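Colleague: heads up, no residue letters with this:
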């Protein structure tokens, strides 16, 4: 499943479909992945595209060899993902989203530019 949008309001129209799709392909992991997806989208819209409605965020969710893979790409300049601080402090705004994504998934990668995150989680059957 995939979609593109330029604002949180536009994403809201697709949220239910993404949630349903995740529930279909990985019922046990769906809620955690949905939270991670929301965090990644929020980061892409706010930090990546800087809330510029002229820029798109693209999301792709797919099942691949026993795992769910989520790609979120924005049209921003990217960021230095290797050096960004990840906060475990619930009150700290910067870095909290990345912390949540890492806690709720099995793998997180970024492209070199830093404007695409790839989130993956194994589908558990037991």
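Modeller: Looks like it arrived, so ask away. Owing to the predicted nature of the structure, the values given are computational and were not obtained by experimental measurement.
Colleague: List of residues touching the longest helix along the chain?
Modeller: When the chain is parsed with DSSP state H, its longest helix is helix 8-25. For helix 8-25, contacts defined as Cβ atoms under 8 Å, 6 or more residues apart in numbering pick out 1, 3, 5, 29-30, 33-34, 37-38, 41-42, 45, 57, 59, 61, 63, 68, 123. For glycine as for every other residue, the C-beta is placed from the backbone atoms N, C-alpha and C.
Colleague: now do stretch 40-47
Modeller: 6-8, 11, 51, 57, 59, 70, 72-74, 76, 79, 97-98, 101, 115, 117, 119.
Colleague: can you do 6 Å?
Modeller: For stretch 40-47, the surrounding residues in contact (Cβ atoms under 6 Å, 6 or more residues apart in numbering) are 11, 57, 72, 74, 97, 117.
Colleague: What mean pLDDT does the helix or strand where residue 34 lies get?
Modeller: Per DSSP states H and E: residue 34 is located in helix 30-43. The average pLDDT within helix 30-43 is 96.
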